[in-house]
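J.: this one's structure only:
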């Protein structure tokens, strides 16, 4: 990338990061970590938490809108375990969960570009080092995969995916007569993970008529008006897929207010629960705008399933509160009934969520519920009582979350731990503080710290600390200029070591804003307040002084390539000089014996010229062309 483009990109990213940091307020507070200040993970507020009663495991979620979007993992106390925000660019990362792939636990989630009510993207599979090892695409000639379902099936051979396919359609019967109508065909596929070949495909338009939809064109924020390809009518809105051992599928249609069992042989609708053409008589059951239908049990006479009943689409309401729900279908007498419901533990009695949400039944029978556009989640006993109720942000923040899961997980990142060390005065009067973290590591039990007055040692063991939350801190009475940390497992084995870091000591100008633990963050400027920035004078021998480039007299006009230092350039160039010179000398001697022609002389001249350009002096002059003299810059010359 050209250097000026890189500079622009970095500048834009800095603006984005600054803007998101400003969201650290009362409605969407975020963590601050000294060792990883770029992480802005939401702080979970618990209204209910009974640690002795919650199920073991980690909480997987992925908030978006007015927050750094991406997958996150938390423990049962609300401590951040892993932030995947920004890992694959500025895209959403819906519904992270543990999946079985190649016989081992992996982290699976959907990544894509979010639109109103759907998305375009693909499935992601990560190993326990948080490295992407596989992406899964929709197959055939359809659009890119949609956000509503990406699920790797047990065994890890195939995955279920939803696709929202725009199609031209005659909508004259729905009042769209002045031109071609546009409609969304809800598609689901089972695809081979390794080849992306389509194993099975089902299209709603082939089996369910738009005339049965409860959501007409232009009636909700996700319906579309059907008059253009930019606003096609989403008459069906598929939002979940499940598969049973018989090879049949269970799908949920939000805009049909129905759950369908689909034949895995030919795609025909075996039965419809709720909706406009129900196959069963509802006894004490009704739901609408639902999400996340899942089989729990099934035999020849009965089916038990779960779903999240939104009971609202922000415009119409069929129940006072959204709820998790278990449902029993009796295939003998063709009836359906609600077995149990789970409500949010709000003082008002519940919570109404007009979009998104899910219900997960855990191995021990506990129920985990994500409350959709209300960025909350809860865990309940099988009897219904809430033992956990956490909030990522307040509803007025605009932050939303599609699904929340709980799984057991073990992660050992390929990245190294991050360490930041600080001393208020650089003397033993104030001591020294270590801040250390390891994003995604689940097996760390403690940290041990080493320090020295030289970056190459000798190193002195200066202390240890039990891991506490995402970032652990330790204060010691002595001060050293350099330090590193080691992560230890429960047996005291070293898992990984941080890089060597230099201790930060504030200047005399900054010191009044610091204490023995750190310096306070700069307060927000008052409206209309302006701080004039100025460039400090750095005397010879100062922190930025460099005899190689004499940076007292020069400053960067255009940044060099990221990661390239003078030493890293001059080292390889020195080798290159030697090789070129040797080749030129051999060629010169060989040709001299046979007489030197014009083209041979030209070749020799070019070799000598290249040697001059690549010599240390030549490199230095080329680098200095990227600088201006300070004096010239001040005079504008």
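T.: Thanks, I have it. Keep in mind it's a predicted model, so treat the numbers as computed, not measured.

J.: can you tell me how far the residue nearest in space to the middle of the chain sits from residue 292?
T.: With distances taken as Cα atoms, centre = their mean, the chain has residue 70 as the residue nearest its mean C-alpha position (2.4 Å). Here residue 70 is placed at a distance of 21 Å from residue 292 (Cβ to Cβ, to the nearest Å). C-beta: built from backbone N, CA, C; applies to glycine.

J.: Residue 83 now?
T.: Residue 83 is 25 Å from residue 292, by Cβ to Cβ.

J.: Same check on residue 191?
T.: If you go by Cβ to Cβ, the gap between residue 191 and residue 292 works out to 21 Å.

J.: And for residue 430?
T.: 53 Å.

J.: Likewise for residue 352?
T.: 17 Å.

J.: okay, those two: which has more neighbours?
T.: Set residue 352 next to residue 292 and count neighbours by other Cβ atoms under 10 Å: residue 292 wins out with 25 against 21.

J.: Retrieve the pLDDT associated with the more buried one.
T.: Looking at residue 292, its pLDDT is 98.

J.: who's the closest residue to it other than its chain neighbours bridged to?
T.: Nearest non-adjacent residue to residue 292, counting by Cβ to Cβ, 6 or more residues apart in numbering: residue 358, 3.9 Å away. Note on residue 358: beta-bridge partners by DSSP bridges are residue 370.

J.: what kind of secondary structure is the residue nearest to the centre of the chain in?
T.: coil (DSSP: H, G, I helix; E, B strand; the rest coil).

J.: Surely the residue nearest to residue 292 touches residue 290?
T.: No. Counting by Cβ atoms under 8 Å, residue 358 sits too far from residue 290 to count as a contact (10.3 Å).

J.: intersection of neighbour lists for the two?
T.: residue 308 (Cβ atoms under 8 Å, 6 or more residues apart in numbering).

J.: before we move on, back to that, number of residues surrounding the residue nearest to residue 292?
T.: Number of residues near residue 358 (other Cβ under 10 Å) recorded here: 26.

J.: try residue 124
T.: For residue 124, the count of nearby residues is 24 (other Cβ under 10 Å).

J.: Could you list the low-pLDDT ranges of the protein?
T.: 1-25, 534-637 (pLDDT under 70).

J.: Tell me how it divides into domains.
T.: 418-513, 554-635 (automatic domain parsing).

J.: Torsion angles phi and psi at residue 136?
T.: phi -120, psi 120 (degrees, to the nearest 10).

J.: From residue 339, how far off is residue 190?
T.: Distance, residue 190 to residue 339, using Cβ to Cβ: 29 Å.

J.: ah, wrong one, I meant residue 305
T.: Residue 305 sits at a distance of 10 Å from residue 339 (criterion: Cβ to Cβ).

J.: Over to the spatially closest residue to residue 264 that is not a sequence neighbour. Which of the three states is it?
T.: Excluding its sequence neighbours, the residue lying closest to residue 264 (Cβ to Cβ, 6+ apart) is residue 247, at 3.6 Å. At residue 247, secondary structure determined by three-state DSSP is coil.

J.: Residue 247: neighbour count?
T.: 11.

J.: my read: it touches residue 265, true?
T.: Yes. If you go by Cβ under 8 Å, residue 247 and residue 265 touch, sitting 7.4 Å apart.

J.: Please, where are all the strands along the stretch 151-300 of the chain?
T.: Along the stretch 151-300 of the chain, the stretches classed as strands by DSSP state E, counting those that start in this stretch are 158-169, 181-192, 198-203, 238-243, 249-253, 258-262, 269-274, 281-282, 291-298.

J.: Reformat these as TSV; add distance to residue 369.
T.: Putting the strands of the stretch 151-300 of the chain into TSV (distance: least, Cβ to Cβ, whole Å) gives the following:
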stretch	distance to residue 369
strand 158-169	21
strand 181-192	24
strand 198-203	28
strand 238-243	14
strand 249-253	16
strand 258-262	18
strand 269-274	20
strand 281-282	22
strand 291-298	10
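
J.: on that earlier part again, the more surrounded of residue 190 and residue 339?
T.: Per other Cβ under 10 Å, whichever of residue 190 and residue 339 has more neighbours is residue 190, with 22 against 14.

J.: Kindly state the beta-bridge partners for that one.
T.: Residue 190 has these beta-bridge partners by DSSP bridges: residue 160, residue 200.

J.: if I pick residue 199, what's in contact with it?
T.: Contacts for residue 199 (Cβ under 8 Å, 6+ apart) come out as 158, 189, 190, 191, 192.
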